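A.B. asks: I'll drop the sequence and a predicted model, then ask my questions.
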Amino acid sequence: MQNLQERGYLLTEQVNPHSLNLDQLNSVELVDLFNSEDQKAVAAVAAAKIQLAEAIDCAAERLRQGGRLFYVGAGTSGRLGVLDAAECPPTFCTPPELVQGIIAGGAGALVRSSEDLEDRSEDGEMAIAQRHITQLDVVVGITAGGTTPFVHGALNAARQRGASTIFIACVPIEQVSFDADVDIRLLTGPEILAGSTRLKAGTATKLALNILSTGVMVKLGKVYGNRMVDVAVTNLKLRDRALRMLQDLTGLSREAAGFLLERSGKWVKLALLMHWTGLEKEAGEQLLAEHQGNLRTAVDNYKNNK
């Protein structure tokens, strides 16, 4: 029988003194307590800003060279990673393989509890091998309590393959140490419901992953100003958003913006470049490719060389 490790010392497992009477609160008091405690999730992310910035720069550099970004986790942490990865293609028009989520137990664990599988470090190692991780890739291990064997196995295997590693945990380094290229600690404190890390720890993790992936995409030129110019126009809502972007940034009428969008193959970034440079679709695509998809750089370079 496997030895049972005592985990009560971990910050995420401790009892919150502010919620000892949780089962006696009325609904308004419950909401107030949650709201006051959730402020600590935002503060925890702010306290980790330097490490988050390092993670953004690390991942952007690797992806710029042709690498991929992987999130690895189990339970809530794994689901949050898969969610963030799944939202990149519709938001930034990235290929599905660019940002991927790996969860212990596979896709079934997204809707059915498979927490028992987090104890298998060899499964984490296998997941890395199956995806042919290389030195160009970045692997982010997410584990609220910091001890998940599945995550440890995956990160150790990734390091052996030369990949960059990022460790995200909600316990201090003195409680759980791990050797990674970037070590992010989101110290949200004991949960309102003792040990339920889908609460504050999960909230802070979601915030951190939003910052990481969006920051990387900004660095990769997926946005212009604060606009999603690489958005995939796949439904009526997104077409409306695309048209409004074009109207706002070019001053065109909605009808003219619609014609421009069609000429560009429904690609807002290319439509803007075509409008600002006068280039046709094929030449515009080539110019963007020469500048790694960065719209601002491509347009500025074209105008400076005219």
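C.D. replies: Right, received. Where do you want to start? These figures come from a predicted structure and were not determined experimentally.

A.B. asks: any idea whether residue 183 is helix, strand or coil?
C.D. replies: On the three-state scheme (DSSP: H, G, I helix; E, B strand; the rest coil), residue 183 is labelled strand.

A.B. asks: My guess is residue 192 contacts residue 37. True?
C.D. replies: Yes - the pair residue 192 and residue 37 qualifies as a contact (CB atoms under 8 Å) at a distance of 5.5 Å. (Glycine included, C-beta is placed from N, CA and C.)

A.B. asks: Which residues are in contact with each of the two?
C.D. replies: Jointly contacting residue 192 and residue 37 under the rule CB atoms under 8 Å, 6 or more residues apart in numbering are 16, 18-19, 199-200.

A.B. asks: Max pairwise distance over the residues you listed: which two?
C.D. replies: With CB to CB as the measure, no two of the shared contacts of residue 192 and residue 37 lie farther apart than 18 and 199, at 12.9 Å.

A.B. asks: Between these two, which has more neighbouring residues?
C.D. replies: Counted by other CB atoms under 10 Å, residue 18 and residue 199 do not tie: residue 199 has more neighbours, with 21 against 12.

A.B. asks: quick one: secondary structure of residue 261?
C.D. replies: Here residue 261 is recorded as helix under three-state DSSP.

A.B. asks: Excluding chain neighbours, what is closest to it?
C.D. replies: Counting by CB to CB, 6 or more residues apart in numbering, residue 271 is the residue found nearest to residue 261 once chain neighbours are left out, at 5.3 Å.

A.B. asks: and that neighbour, what is it in contact with?
C.D. replies: The contact partners of residue 271, by CB under 8 Å, 6+ apart, come to 246, 257, 260-261, 263-264.

A.B. asks: Could you give me the ChimeraX selection string for whichever of these are buried?
C.D. replies: Selecting in ChimeraX just the buried members of the contacts of residue 271, where the criterion is 16 or more other CB atoms under 10 Å, is done with this command:
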select :246,257,260,261,263,264
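
A.B. asks: Turn the contacts of residue 271 into TSV, including distance to residue 137 and pLDDT.
C.D. replies: Below are these laid out as TSV (distance: CB to CB, whole Å; pLDDT from 0 to 100):
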residue	distance to residue 137	pLDDT
246	35	97
257	38	97
260	37	96
261	34	96
263	37	95
264	32	95
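
A.B. asks: need the strands for the chain, in chain order.
C.D. replies: Along the chain, counting by DSSP state E, strands occupy 69-73, 99-103, 138-142, 164-169, 182-185.

A.B. asks: Please identify the deepest-packed of those strands.
C.D. replies: The densest packing among the strands of the chain, expressed as mean neighbour count by mean count of other CB atoms under 10 Å, is seen in strand 138-142 with a mean of 30.

A.B. asks: do you know how far residue 273 is from residue 254?
C.D. replies: Applying CB to CB, to the nearest Å, the value for residue 273 to residue 254 is 20 Å.

A.B. asks: where does the stretch 101-250 of the chain dip in pLDDT?
C.D. replies: 114-116 (pLDDT under 70).

A.B. asks: All the helices of this structure, residue numbers only.
C.D. replies: Secondary structure of the chain, counting by DSSP state H: helices at 27-47, 49-64, 75-92, 121-130, 149-160, 200-219, 236-250, 254-263, 268-277, 281-290, 295-304.
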